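*Asks:* sequence first, then the predicted structure, then my questions.
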Amino acid sequence: MRCSCGRPAQVRVENSETGEVYGYLCMDCSLKDDQARSLEFQRDMALLDMLGQQFNAVAGMDIAPRLRIPPPAPHIHTGAMMQNNIKVSNSTVGAINTGQIQNLKVALSDIRQSGDAATADAMTRFASAVLSANDANEAVKNELLEHLDCLAEQMAKAPSERSQSVMKTVLGGIKVVATTVGSLAKLYGPFEKYVLPYIRN
C-alpha cells in the first residue's frame with residue numbers, strides 16, 4: 001500500500017461517522033493532514049466567535065456566548081531540534097537547507113518502519129556528524145545533506161523501484177566529499193557498511 005506521495009502508507013483515513021475509508025497516507029502526509037484540519041478548525045471557531053460578537057453588538061445585549069478560542073501558540077525552538085534524532089543546533093540552523101533535513105527525516109522514518117532500524121540509525125549518526133562538523137563549511141555540509149537526502153529516498157523505495165546507478169553515483173559523491181573532512185573520514189566506513197547491501201541487492 002502506497003501513499004499518494006509514493007511512500008509506504010501506514011495510516012488509514014476514514015469518515016469518523018460512517019467508517020468509509022477515503023484512502024491511506026504515510027506518516028508525514030498524515031501529520032500534515034492533521035495540522036491542516038487543526039488550522040481549519042481554529043479558523044472556523046474564530047469566525048464563529050467574531051460573528052457572535054457582531055450579533056451581540058447589533059442586539060445591544062450579550063446574547064450569543066463567546067467561544068473564546070485562544071489562538072494557537074507559535075512553535076519557537078530555542079534549543080537543539082531533534083528531527084528523527086538528527087540534532088540541529090541553533091548555530092547551524094541558518095547555514096543548512098532545512099527542507100532537505102525534513103525530507104531526510106521522512107526517508108529515514110520509512111527505512112526504520114520497513115524493519116531496518118540499524119541502517120536508519122547509522123545514517124542518522126552520520127547526518128548528525130555532518131551537521132556538527134567544525135572542519136566543514138556550509139557548502140560542504142549542504143552538499144553532503146543533499147546526497148544523503150537523495151540516497152535515503154532511494155533506499156526507502158521498494159527494491160524493484162530503486163535506481164542502482166543513482167545510488168552508486170550518490171554514494172560515490174558522499175565518499176569523495178566525506179573523506180576529505182577529518183571529522184567525517186573515520187565515520188564513513190561504518191556508514192557505508194549499512195548502505196552497500198541496498199546497492200548490491
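*Replies:* That came in fine, so what should we check first?
*Asks:* tell me where the chain has helices.
*Replies:* 27-59, 90-93, 98-113, 117-132, 138-155, 164-178, 182-200 (DSSP state H).
*Asks:* can you list these in TSV and add mean neighbour count?
*Replies:* In this view, the C-beta of every residue, glycine as well, is placed from N, C-alpha and C. Listed next are the helices of the chain as TSV, based on neighbours: other CB atoms under 10 Å:
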stretch	mean neighbour count
helix 27-59	13
helix 90-93	14
helix 98-113	20
helix 117-132	20
helix 138-155	20
helix 164-178	17
helix 182-200	15
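*Asks:* mean pLDDT lowest for which of these?
*Replies:* Taking each of the helices of the chain in turn, the one with the lowest mean pLDDT is helix 90-93, at a mean of 46.
*Asks:* columns distance to V13 on top of the helices of the chain, output as TSV?
*Replies:* Below are these laid out as TSV (distance: least, CB to CB, whole Å):
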stretch	distance to V13
helix 27-59	7
helix 90-93	33
helix 98-113	18
helix 117-132	25
helix 138-155	23
helix 164-178	31
helix 182-200	30
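*Asks:* tell me which residues touch Q35, please.
*Replies:* Counting by CB atoms under 8 Å, 6 or more residues apart in numbering, Q35 touches no other residue.
*Asks:* gap between it and D44?
*Replies:* 15 Å (CB to CB, to the nearest Å).
*Asks:* which residues does V13 bridge with?
*Replies:* G23 (DSSP bridges).
*Asks:* go ahead and confirm it touches Y22.
*Replies:* Yes. With contact defined as CB atoms under 8 Å, V13 reaches Y22; the gap is 4.5 Å.
*Asks:* which of those two has more residues huddled nearby?
*Replies:* Here V13 and Y22 are set side by side on neighbour count (other CB atoms under 10 Å), and the busier one is V13, at 14 against 9.
*Asks:* and the more buried one, how far is that from A57?
*Replies:* Shown here: V13 relative to A57, a distance of 40 Å by CB to CB.
*Asks:* please name the residues that touch I174.
*Replies:* Going by CB under 8 Å, 6+ apart, the list of residues near I174 reads L144, H147, L148, L151, Y188.
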